[in-house]
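Visitor: fold the following.
(one chain, ligands or ions: 1)
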Amino acid sequence: MDHFIYKDGELCAEGVALSKIAREVGTPFYVYSQATLERHYQVFADAVKDIEATICFAVKANSNISVLRVLADQGAGADVVSVGELKRAIKAGVPAQKVVFSGVGKSRSDLVYAVKAGIRQINVESEEELVVLNEVAQELGARMPIVLRVNPDVDAKTHEKISTGKSDNKFGIDWKRAVEVYQRASNMAGIDAKGLACHIGSQLTDLEPFRAAFRRMKEMVLELRGLGLDVSRVDLGGGLGIPYDEGATPLPVEYGKLVVEELGGLDVEFEFEPGRMIAGNAGLLVSEVLYVKQGPEKTFVVIDAAMNDLMRPSLYGAYHAIVPVLQPEVDNEQMTYDVVGPICETGDTFAKGRVLPKLAPHDLVAFRTAGAYGSSMSSTYNSRDLVPEVMVKGNDYAVIRKRVDIEALMELENLADWQG
Ligand code: LLP
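Guide: Numbering: from 1, shown residues only. All right, here's what the predicted structure looks like:
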């Protein structure tokens, strides 16, 4: 459930009409609903309330500091994958002790920064990283809490580009070697081995792959304990899918039940790293129709948002519902459109053959479910602006990232000194 609904014939974010924001900040823009972010966080927290858990929001899904603050105020920690994300989380008020640092390619300087920042744990993804971290921690006189990210070799049955738990994916330590590596970690002076982690992919619409991964995790925890090693934490990653269309997705409460069923008796603290489930339906991308262009075979709706603003359709063939901001009449005329952006490549297509109410230039449209992996993946390709982001709370709204325009971007560049 979200708080983007039609009121008085117009799509609103909570109590604010999107057309009003459009007039003030210009299109395209992202808009988030604070109440929706809070609600989704609480739904997840409720789903895992029967176990000891830290919910570390996956910052990559939406890294705006104001979004992170909303979640921090709800009690969220953060799952970060770069020093940049770590700095954002800290700036937003997430306590360092609730931050976990994942990622397959942390550099030595990333590790130094994380150890100094006193974060909760580093999720180590290879034996090679473990060795470097051990050196770094000892140099800094620290004993760094870690979990080993295990690759459980489970097919998440999601899009291949966001599947991470198969043995041919780059992530984690092969489950067959993980026990040996954990033993090694437990003997390292700079390392405080706390437990295991896994994350098998994103946008999972079936719980069974989670079950398979959780079983593997349990076997490994028991094996480690059988060897006399301490295991007090299990990080189960993120990945819960959300509805982008009419298709059913598992409810967080069912996911929570599954965790209790498979791992409940394990006497560990859990960490979860949900991203999409919390932010996805809490954001829209709002854009204006520039032209309705009649081609020989198709009608194109050319809008002012493009693949640089929302990459998911062009990168993954992802579906985003597109709705008009002015509520269509019940008996509106339906048209079949290709919805495209202004960027100079055919991949800049949001939807093909989409049936929509008839659109005209200057109409506003909104992409639903754009709060996760929308703005955080945007770029300035074709020298386009980074679009503004707006937070709505009740009848109030605030620009939480101003438009980064071409003047600001060009400020970062200069001619080489031999170019005069
Ligand atoms: N933890 C780790 C270690 C991850 O790699 C990810 C996502 C998450 C947590 C959060 O997963 P979530 O709960 O959001 O599914 N750009 C893609 C999604 C990439 C996900 C990468 N990792 C998309 O737009 O679909």
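Visitor: which bits of the protein sit near the ligand?
Guide: 58, 60-61, 79, 102, 162, 199, 202-203, 237-240, 273-277, 312, 316, 372-373, 377 (Cβ under 6 Å from any ligand atom). Just so you know, the C-beta spots here come from the backbone N, C-alpha and C atoms, and that holds for glycine as well.
Visitor: so who does the most centrally placed residue in the chain touch?
Guide: Among the residues of the chain, the one closest to the centroid is residue 61, at 1.9 Å (Cα atoms, centre = their mean). Residue 61 makes contact with 275-276, 278-280, 371-373, 376 under the criterion Cβ atoms under 8 Å, 6 or more residues apart in numbering.
Visitor: where does it land on pLDDT?
Guide: Looking at residue 61, its pLDDT is 98.
Visitor: my guess is residue 121 contacts residue 234. True?
Guide: No. Applying Cβ atoms under 8 Å, one finds residue 121 not in contact with residue 234, separated by 11.5 Å.
Visitor: any shared contact partners between those two?
Guide: Among the neighbours of residue 121, those also in contact with residue 234 (Cβ under 8 Å, 6+ apart) are residue 147.
Visitor: mind giving me the packing neighbours of the longest helix anywhere in the chain?
Guide: Using DSSP state H to define each element, the chain has its longest helix at helix 208-226. Other helices and strands packing on helix 208-226, by 3 or more Cβ pairs under 8 Å, 6 or more residues apart in numbering; DSSP states H and E, are strand 144-151, helix 175-186, strand 191-197, helix 252-263.
Visitor: please work out the angle formed by the directions of the shortest one and helix 208-226.
Guide: Computed by axes from the mean of the first three to the mean of the last three Cα atoms, to 10 degrees, the angle separating strand 191-197 from helix 208-226 equals 150 degrees.
Visitor: run through who's touching strand 191-197.
Guide: Contacts of strand 191-197 (Cβ under 8 Å, 6+ apart): 100, 102, 121, 123, 130, 133-134, 137, 143-150, 172, 178, 182, 185-186, 217, 220-221, 224, 229-237, 268, 271.
Visitor: go again using 7 Å as the cut-off
Guide: 121, 123, 130, 133-134, 137, 143-150, 182, 185-186, 217, 220-221, 231-235, 237, 268 (Cβ atoms under 7 Å, 6 or more residues apart in numbering).
Visitor: try stretch 11-21
Guide: Outside stretch 11-21, the residues touching it (Cβ under 7 Å, 6+ apart) are 3-5, 10, 29, 31, 33, 35, 286, 323, 325, 364, 366, 390, 392-395, 397.
Visitor: the chain: helices as residue ranges?
Guide: 18-25, 34-47, 65-74, 83-92, 108-117, 127-139, 175-186, 208-226, 252-263, 276-279, 312-316, 406-410.
Visitor: adding mean neighbour count and mean pLDDT, write the ones you listed out as a markdown table.
Guide: Shown next, in a markdown table, are the helices of the chain (neighbours: other Cβ atoms under 10 Å; pLDDT from 0 to 100):
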| stretch | mean neighbour count | mean pLDDT |
| --- | --- | --- |
| helix 18-25 | 17 | 98 |
| helix 34-47 | 21 | 98 |
| helix 65-74 | 21 | 98 |
| helix 83-92 | 19 | 98 |
| helix 108-117 | 18 | 98 |
| helix 127-139 | 18 | 98 |
| helix 175-186 | 18 | 96 |
| helix 208-226 | 18 | 97 |
| helix 252-263 | 17 | 98 |
| helix 276-279 | 30 | 98 |
| helix 312-316 | 18 | 97 |
| helix 406-410 | 11 | 98 |
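Visitor: want to try JSON lines for the ones you listed, with distance to residue 350 as columns?
Guide: JSON lines is the format used below for these (distance: least, Cβ to Cβ, whole Å):
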{"stretch": "helix 18-25", "distance to residue 350": "18"}
{"stretch": "helix 34-47", "distance to residue 350": "22"}
{"stretch": "helix 65-74", "distance to residue 350": "23"}
{"stretch": "helix 83-92", "distance to residue 350": "27"}
{"stretch": "helix 108-117", "distance to residue 350": "35"}
{"stretch": "helix 127-139", "distance to residue 350": "38"}
{"stretch": "helix 175-186", "distance to residue 350": "39"}
{"stretch": "helix 208-226", "distance to residue 350": "29"}
{"stretch": "helix 252-263", "distance to residue 350": "28"}
{"stretch": "helix 276-279", "distance to residue 350": "19"}
{"stretch": "helix 312-316", "distance to residue 350": "5"}
{"stretch": "helix 406-410", "distance to residue 350": "23"}
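Visitor: which one of those lies nearest to residue 416?
Guide: With Cβ to Cβ as the criterion, residue 416 lies closest to helix 406-410 of the helices of the chain, at 15.3 Å.
Visitor: show me how far the closest one is from its chain's centre.
Guide: Using Cα atoms, centre = their mean, to the nearest Å, the distance from the centre of helix 406-410 to the centre of the chain it belongs to is 27 Å.
Visitor: let's have the helices and strands packed on helix 208-226 in CSV, adding distance to residue 87.
Guide: CSV is the format used below for these (distance: least, Cβ to Cβ, whole Å):
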stretch, distance to residue 87
strand 144-151, 19
helix 175-186, 27
strand 191-197, 22
helix 252-263, 29
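Visitor: among these, which is nearest residue 116?
Guide: strand 144-151 (10.4 Å).
Visitor: what does the closest one contact?
Guide: With contacts defined as Cβ under 7 Å, 6+ apart, strand 144-151 is touched by 102, 115, 120-125, 133, 137, 165, 167, 169, 171-175, 178, 181-182, 185, 190-198, 217, 220, 233, 235.
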